[in-house]
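Colleague: Dropping a prediction and its sequence here:
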Amino acid sequence: MSVTTKRVMDYRDLAGTSSGGTGGITSEDHRIIEIEGMFKEAYATMVSEYTYVNGAISRIDIWSGVDKLNKLFEKTFAYAGDSVQTIELKDKKSGYKITTSFSYSDGNLVAKHRQLTRE
């Protein structure tokens, strides 16, 4: 398994800046954008299945058809209280996984960290 750690985007640092970032786009950024784009397209055109726990969404599975023989994506949500702590998006075909972690201060989102791994 290879692991690529992405930089943290701290939203507190973005206030009043025009660039809004801490460097250029890397090949890992391109892979993340590509996987997220494929998920969005599959979500809009394929079969989606939702799982809820205590009224909050905990998982979205995307299948290529109603027969559910070919799973394309799996997206899971983990919470602490009412706040999303992590979102994992797995591309079941390529083996890539994007883990997005969120940091909060006084209930406000202040940072997002993404990590790309391949199993």
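Modeller: All right, it came through fine. Residues are numbered from 1 along each chain as shown.
Colleague: Can you give me the pLDDT of the residue nearest to Ser83 when sequence neighbours are not counted?
Modeller: Once flanking residues are discounted, Ser83 sits nearest to Tyr104: 5.8 Å by C-beta to C-beta, 6 or more residues apart in numbering. C-betas here are computed from N, CA, C, even on glycine. Looking at Tyr104, its pLDDT reads 95.
Colleague: and the gap between Tyr104 and His113?
Modeller: 13 Å (C-beta to C-beta, to the nearest Å).
Colleague: Repeat that for Asn54.
Modeller: For Asn54 relative to His113 (C-beta to C-beta), the value is 26 Å.
Colleague: and Lys97, that one's in a strand?
Modeller: Yes - remark: Lys97 belongs to a strand, assigned using DSSP: H, G, I helix; E, B strand; the rest coil.
Colleague: hang on, isn't the residue nearest to Ser83 packed against Val110?
Modeller: Yes - between Tyr104 and Val110 a contact is recorded at 6.3 Å, counting by C-beta atoms under 8 Å.
Colleague: residues of the longest helix belonging to the chain that come out buried?
Modeller: Criterion DSSP state H: the longest helix present in the chain is helix 27-45. For helix 27-45, the neighbour count (16 or more other C-beta atoms under 10 Å) marks Glu28, Arg31, Ile32, Ile35, Met38, Phe39, Ala42 as buried.
Colleague: Same check on stretch 62-76?
Modeller: Ile62, Trp63, Leu72, Phe73, Glu74, Lys75, Thr76.
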